[in-house]
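**Q** need a 3D model of the sequence below.
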Amino acid sequence: MLLGILSMVAFNLVDTIYVGQLEKENLAALSYTFPVISVIFNLVQGIGIGATALIARSMGGNNIEKARRETTDSVVLGLMVAITASLIGFATIDPLFKAMGAEDQVLELIHDYMDIWYVTIVFVVIPFIGNSAIRATGDTLTPALIMIFAVVINAILDPLLIFGIGPFPEMGLSGAALATSISRAITLFVSFYVLIFREKLLTVHIPSFQVLKGCWLAILKIGVPSGISRMLVPLSLGVVTAIISTIDQDSVAAFGVATRIEFVSMSVLFALAASYGPFSGQNIGAQRIDRVLEAVKKGSLFSLAWSFFFAVVLFFSGKYVAMLFNDHESVINKIALYLSIVPLSYGFQGISQIVNAVLNTANKPLQASLLIVVTMFGLLIPLAKLGSVMYGLTGIFTALAIAYSIGGILSYWLVMKWVGRLHRAESK
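**A** Below is the predicted model of the structure:
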C-alpha cells in the first residue's frame, strides 16, 4: 500500500517537473486542472472503497461467486461513471475554468490537457476499480506494482511527447495528458489480466437488472458518502488556506510546502489505514469482529508511536527540511513553525484514517463521513479562525493539531462502540 501511495505522488510530481520546464502559463493551466481531476478521483475512490468492502466481505465468507458478480458489476459501474464524467466534463470546461479564474491563453492550454484527459478518462477510472478489487482479495502488492509500472511508463513518455524528442511530435501540455492516458491504458490491460486469469473475478454472465441494481446500490451506499467525505478534506483545507492568506503570502507558501512534507511523513499511516479495508471486510465476512477490534487497537498504538517519532525528528530538523524547498528566510521559519506543532497530531490523524476504513467496510459510511465533517468543519475551521485572531499563524497551526487530535480520539471511541456492538450481536 505504501508503494502504491508513493507511486501516486510520483505520478503527479513527474508531470509537474516536466511541465514546469515549459512557459509558466502551462504550469498554471496544469494547476487549474488539479482540483477538477481531484473531485473526479475522490468520487472514483469512493466507488473503489465500496467495491472493496463488498468483495472483501464475500471473499471472507468464502462466497467466490458473489465476489465475482460484485467485481464485474463494479467495473461496469466505473465505466458508466467514466462516460458520465466525460460528457459533463466536455460541456463544462469553459464555464467551469473561467469561474476558477482561467482566461485567454491559459484557458486554451487547459483545453489542450482536458480535451485528451476527458476522452481517455476510462483508462483512469477502470484500472482504479480493478485494483480495488484485487486489494479486496488481500493482495495489496500487485496493485502497487501496477501503479509503479504506470509511473515508469509516464516518466519515459512525458519528455518524449512534451518536448518532441526523436521521432515524437512536440505536443507540450497535450503531450503530458497523452502520456498519462497511455500509461493508464497499459495498467487497464494489466489489471484486467490479473482479474480474469489469476483471480478469476470477472464474469461474462449478464445478470438481471434487479441483481445489477442491487449490487450498484450496495456499492454506492458506501461509495457516495465516502467520496463526498473525501472531497470535504481538501475543501476545508482550502478554507484554512484562505484564513492563512489574511496574514501574508509567505504564510500561504509555507503552508503549501508544509502540507506536502506532511503527506510524505504520513504516507506510512495512510498505507496502514488503506490495508484495513480488505482486512476488515474479510474478517467481518468470516464473523471475526474480535480481530477487527484487535487490529484497530494495535494500529492506533502504532500510529501514535510513529507520530511521536516523526514529531521529535521534525521538531529538531524542520528548518533544515524546509531549506530543501525554499530559500526565503520568512517562508523557512514558518515551515519550521508548522513542523514543530502539527506533527504531534499525526498519530491521531492516522487513527482517524483507520477508523474511516473500518466503518466503511462495516457498512457504516454515514458514520465515517460524519466524523470527517465534525473534525474538519465542526472543529478545524472554527478553531483556525479563532486561533488566527488570537495568536496569528501559531494559533492556526495549533488549531490544526488540536482539531486532528480531538478527531482521532473521538473516532477511536466511536469505532470501539459501534463495531463492539456488532461484535456483541454476532456473539449471541
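**Q** residue 247 sits in which helix or strand?
**A** Under the criterion DSSP states H and E, no helix or strand holds residue 247.
**Q** how much space between the closest residue to it other than its chain neighbours and residue 320?
**A** Distances taken as CB to CB, 6 or more residues apart in numbering put residue 393 closest to residue 247, at 5.6 Å, once the chain neighbours are dropped. Where C-beta positions appear, they are placed from N, C-alpha and C, glycine not excepted. Note on residue 393: its distance to residue 320, by CB to CB, to the nearest Å, is 20 Å.
**Q** between these two, which one's more packed in?
**A** Neighbours were counted for residue 393 and for residue 320 using other CB atoms under 10 Å; residue 393 has more, 20 against 10.
**Q** list the residues that contact that one.
**A** 244, 247, 251, 334, 337 (CB atoms under 8 Å, 6 or more residues apart in numbering).
**Q** ok, now with 10 Å
**A** By CB atoms under 10 Å, 6 or more residues apart in numbering, residue 393 lies in contact with 243, 244, 247, 248, 250, 251, 254, 255, 334, 337, 338, 387.
**Q** just give me the closest of those to residue 298.
**A** residue 338 (29.4 Å; CB to CB).
**Q** that closest one: what secondary structure?
**A** Judged by DSSP: H, G, I helix; E, B strand; the rest coil, the three-state class of residue 338 is helix.
**Q** residues contacting the residue nearest to it when sequence neighbours are not counted?
**A** In space, and not counting its chain neighbours, residue 338 is closest to residue 258: 3.9 Å by CB to CB, 6+ apart. By CB under 10 Å, 6+ apart, the residues touching residue 258 are 314, 318, 321-322, 325, 331, 334-339, 341-343, 397, 400.
**Q** for residue 96, see how far away residue 258 is.
**A** Taking CB to CB, one finds residue 258 at 29 Å from residue 96.
**Q** again, but for residue 323
**A** When residue 323 is compared with residue 96 (using CB to CB), they lie 38 Å apart.
**Q** what's the answer for residue 382, then?
**A** From residue 382 to residue 96 the distance is 30 Å (CB to CB).
**Q** and what of residue 291?
**A** 46 Å.
**Q** just residue 250 next, same as before
**A** Using CB to CB, we find residue 250 at a distance of 30 Å from residue 96.
**Q** name the helices or strands packed onto the helix or strand hosting residue 98?
**A** Here residue 98 sits within helix 64-99, counting by DSSP H and E. Under the contact criterion of 3 or more CB pairs under 10 Å, 6 or more residues apart in numbering; DSSP states H and E, helix 64-99 touches helix 24-60, helix 104-119, helix 122-136, helix 209-245.
**Q** for residue 85, which of the ones you listed is the nearest?
**A** Closest among those, using CB to CB: helix 24-60, at 5.4 Å.
**Q** and that closest one, average pLDDT?
**A** Mean pLDDT, helix 24-60: 79.
**Q** what helices or strands is the least confident helix or strand in the chain by mean pLDDT leaning on?
**A** Every helix and strand of the chain was ranked by mean pLDDT, DSSP states H and E. The lowest is helix 2-19, at a mean of 75. Applying 3+ CB pairs under 10 Å, 6+ apart, we find helix 2-19 packed against helix 24-60, helix 104-119, helix 141-163, helix 173-193, helix 249-285.
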